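Visitor: fold the following, please.
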Amino acid sequence: MKCPLVFTIVALLTLANSTAAESVHFAVFGDIQEETDAGHAKDLAMVDQINHAKPDFTVFVGDIQGGGPCTDKQRQEAVDIFNHVEGPLVFTPGDNAWTDCRLPGKGDWHPLERLAKLREDLVPKGRSLGQNPMPLLQQTGEYRENARWQKGDVIFVTLHMPGSNNGVYPDRYAFEEFERRNAANLQWLAGAYDDVALKKAKGLVVFFHGNPGWSDVYWKANAYRDVKAMLANEGAKLGVPILVVHGDTHRFTIDKPLAFKNGHSRADHVIRLEVFGSPERGFVLVTADTQNPALFSFSPVEMEGHTR
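Guide: Numbers count the residues shown, from 1 in each chain. As a prediction, the model looks like this:
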């Protein structure tokens with residue numbers, strides 16, 4: 001009579017162990033800026049390779065176009081690329097398709113009008129893009145592109161932080177928009193920290209576009225300073241690895257570049273991954289495995305035509 005009970009306990013333990021050991025596989029890419037028909041075909045071919053890898057989800061970390069004019073065509077081509085992804089795809093904005101659209105030769109657009117179009121086409125309410133979208137918790141208010149989700153024992157969060165000094169340029173209205181967005185980003189990151197603590201997650205992944213100047217001294221007043229300080233200081237208190245994934249400067253990099261305020265002690269809990277960017281072409285497969293002492297491992301995939 002005891003055998004069924006023993007079997008049930010063993011089965012439950014096996015199930016619990018398999019759940020605890022669940023690994024998460026995701027793909028990341030960004031900065032696709034070859035604005036030609038051939039470049040579009042290459043981007044679709046890269047998505048074919050992502051689909052072949054069958055990640056749990058994919059994240060695009062910004063810049064759907066290069067330095068050419070801001071056009072609706074570029075945005076629609078991005079929609080085509082992201083709809084080609086078989087699994088879920090999460091999008092976070094870069095600078096080239098909205099903050100830079102005010103510049104000479106870019107079309108003299110109002111940046112917030114371009115941002116509204118990005119949200120309309122690339123940030124559906126409550127879910128990701130891709131052929132099989134997944135639900136997302138999105139920040140209420142102005143910045144619904146700030147999203148959060150959980151997979152396995154890891155929390156994932158996007159922040160709207162584009163390149164070119166986080167969208168700050170000599171314009172009062174641009175600075176006021178930055179102040180609103182920066183406050184929203186800090187609040188959203190704090191919410192992700194709360195999630196990690198509440199759910200006893202084993203790690204946190206933060207996605208945004210802009211390179212925040214990792215090597216800058218702590219007192220340098222750039223527009224990424226608040227988020228960097230929060231990643232270093234409050235982030236250390238979480239006691240879990242934090243992977244930060246960004247694009248912007250087009251240099252595939254994996255390192256630990258963040259220092260604490262004293263400028264000497266390295267924030268070893270923060271790992272930085274910068275994805276490939278044009279003219280380099282490729283994506284990175286990331287695995288989060290709780291059986292791995294470092295939690296995260298990386299497999300870069302360079303595409304045909306990739307240049308250095």
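Visitor: can you map out the helices along this protein?
Guide: Assigned by DSSP state H, the helices in the chain fall at 3-20, 37-53, 72-83, 111-122, 163-166, 172-199, 225-238.
Visitor: of those, which is nearest Gly247?
Guide: helix 163-166 (7.6 Å; CB to CB). For every residue, glycine as well, the C-beta is placed using N, CA and C.
Visitor: so which bits of that closest one are buried?
Guide: Neighbour-count burial for helix 163-166, counted by 16 or more other CB atoms under 10 Å, picks out Gly163, Ser164, Asn165, Asn166.
Visitor: in the residues you listed, which has the lowest confidence score?
Guide: The lowest pLDDT within the buried residues of helix 163-166 belongs to Ser164, with 88.
Visitor: make a markdown table out of the buried residues of helix 163-166 and add distance to Asn185.
Guide: Shown next, in a markdown table, are the buried residues of helix 163-166 (distance: CB to CB, whole Å):
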| residue | distance to Asn185 |
| --- | --- |
| Gly163 | 15 |
| Ser164 | 16 |
| Asn165 | 14 |
| Asn166 | 9 |
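Visitor: which one among those residues gets closest to Val90?
Guide: Nearest member of the buried residues of helix 163-166 to Val90, counting by CB to CB, is Gly163, at 18.2 Å.
Visitor: wait, the closest one sits on Ala97?
Guide: No: Gly163 is beyond contact range of Ala97, at 11.2 Å (criterion: CB atoms under 8 Å).
Visitor: Val168: neighbouring residues, count only.
Guide: Val168 has 17 neighbours, counted by other CB atoms under 10 Å.
Visitor: from what I see, it and Arg225 are in contact.
Guide: No: using CB under 8 Å as the test, Val168 is too far from Arg225 to be in contact (11.4 Å).
Visitor: what's the overlap in contacts for Gly163 and Ala97?
Guide: Common neighbours of Gly163 and Ala97, counting by CB atoms under 8 Å, 6 or more residues apart in numbering, are Asp63.
Visitor: worst-scoring helix or strand of this structure, pLDDT-wise?
Guide: Lowest on mean pLDDT, DSSP states H and E among the helices and strands of the chain sits helix 3-20, with a mean of 37.
Visitor: pLDDT below threshold where in the stretch 51-200 of the chain?
Guide: Along the stretch 51-200 of the chain, no part satisfies pLDDT under 70.
Visitor: state the distance from the residue positioned nearest the centre of the chain to Asp153.
Guide: Closest residue to the average C-alpha location of the chain: Phe207 at 2.4 Å, with CA atoms, centre = their mean. Distance, Phe207 to Asp153, by CB to CB, to the nearest Å: 18 Å.
Visitor: surely the residue nearest to the centre of the chain and Phe57 touch.
Guide: No: at 11.1 Å, Phe207 does not count as touching Phe57 under the criterion of CB under 8 Å.
Visitor: give the contact list for Ala190.
Guide: By CB under 8 Å, 6+ apart, the contact list for Ala190 reads Met230, Glu234.
Visitor: okay, stretch 272-285 in PDB with CA atoms only?
Guide: Presented in PDB, the C-alpha positions along stretch 272-285 are these (Å, rounded to 0.1, in the frame of the first residue of the first chain):
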ATOM      1  CA  ARG A 272      26.900  43.800 -20.500                       C
ATOM      2  CA  LEU A 273      26.100  42.300 -23.900                       C
ATOM      3  CA  GLU A 274      26.200  44.700 -26.900                       C
ATOM      4  CA  VAL A 275      24.800  43.100 -30.000                       C
ATOM      5  CA  PHE A 276      26.100  43.200 -33.500                       C
ATOM      6  CA  GLY A 277      25.200  46.300 -35.600                       C
ATOM      7  CA  SER A 278      25.500  47.400 -39.200                       C
ATOM      8  CA  PRO A 279      27.700  46.700 -41.200                       C
ATOM      9  CA  GLU A 280      28.200  43.700 -38.900                       C
ATOM     10  CA  ARG A 281      25.300  41.400 -39.300                       C
ATOM     11  CA  GLY A 282      24.300  38.700 -36.800                       C
ATOM     12  CA  PHE A 283      22.400  37.900 -33.600                       C
ATOM     13  CA  VAL A 284      23.300  36.400 -30.200                       C
ATOM     14  CA  LEU A 285      21.600  33.400 -28.600                       C
END
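Visitor: show the average pLDDT along that stretch.
Guide: Mean pLDDT, computed over stretch 272-285, is 96.
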